[in-house]
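**Student:** predicted model and sequence below, questions to follow.
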Amino acid sequence: MKKRGALLLVIVIAIIIILTSYSIMTLNSLHASQNSNASGIVEKIEIIHFHPTQQCLSCKLVGRYAEETVNTYFQNELSNGKLAFMHINGELANNSEIVKKYNATGSSLWIGIYNSNGFHAEQNVNVWYKIYNKTEFMDYFRGVIEEKLNGA
């Protein structure tokens, strides 16, 4: 009986190890494919602040600070069309196509990258942790945009 219990325990542990290894490999594969979509020669970047009709203070700050960052540090990219910034009300029916394209929900800040590999969108959630310090927000978001413009 003890041998049976020990054998069963070994089998359960082996299954857990196999499933854990598979999960880690799947996540690594997903991460690698996302990064390969993001890298490449950048043609254009869209920064979109998606928001509902009724916005809370935090939602307004994310949009305001993101727009100010773009306008302050990326005038050349804005004027030559390499960078675009938009506020999009995700609740309006006429914006449903772009909401679907980005898979946006609620209030969020997205970066859409058009490069030699096609289109890749990523949501930046870290900005929400920086809204109480405008300088920190702008420094952080400036760095993110610079990385994306350089193909990182």
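**Tutor:** The structure has been received and is ready for your questions.

**Student:** so who does residue 130 touch?
**Tutor:** 136, 137, 140, 141 (C-beta atoms under 8 Å, 6 or more residues apart in numbering). The way it works is simple: take the backbone N, C-alpha and C, and place the C-beta from them, glycine included.

**Student:** pick out whichever of the residues you listed sits closest to residue 116.
**Tutor:** Looking at the contacts of residue 130 and their distance to residue 116, the nearest is residue 141, at 24.5 Å (C-beta to C-beta).

**Student:** against residue 54, how distant is the closest one?
**Tutor:** Summarising the geometry, the distance separating residue 141 from residue 54, computed by C-beta to C-beta, to the nearest Å, is 24 Å.

**Student:** so which of the two has more stuff around it?
**Tutor:** Set side by side, residue 141 and residue 54 show unequal neighbour counts under other C-beta atoms under 10 Å, the larger going to residue 141 at 24 against 7.

**Student:** for residue 65, see how far away that one is.
**Tutor:** 7 Å.

**Student:** joint contacts of those two?
**Tutor:** residue 127.

**Student:** thinking residue 101 is in contact with residue 120, fair?
**Tutor:** No - the pair residue 101 and residue 120 does not pass the contact test of C-beta atoms under 8 Å, sitting 11.4 Å apart.

**Student:** any common contacting residues for the two?
**Tutor:** Common neighbours of residue 101 and residue 120 are listed as residue 112 (criterion: C-beta under 8 Å, 6+ apart).
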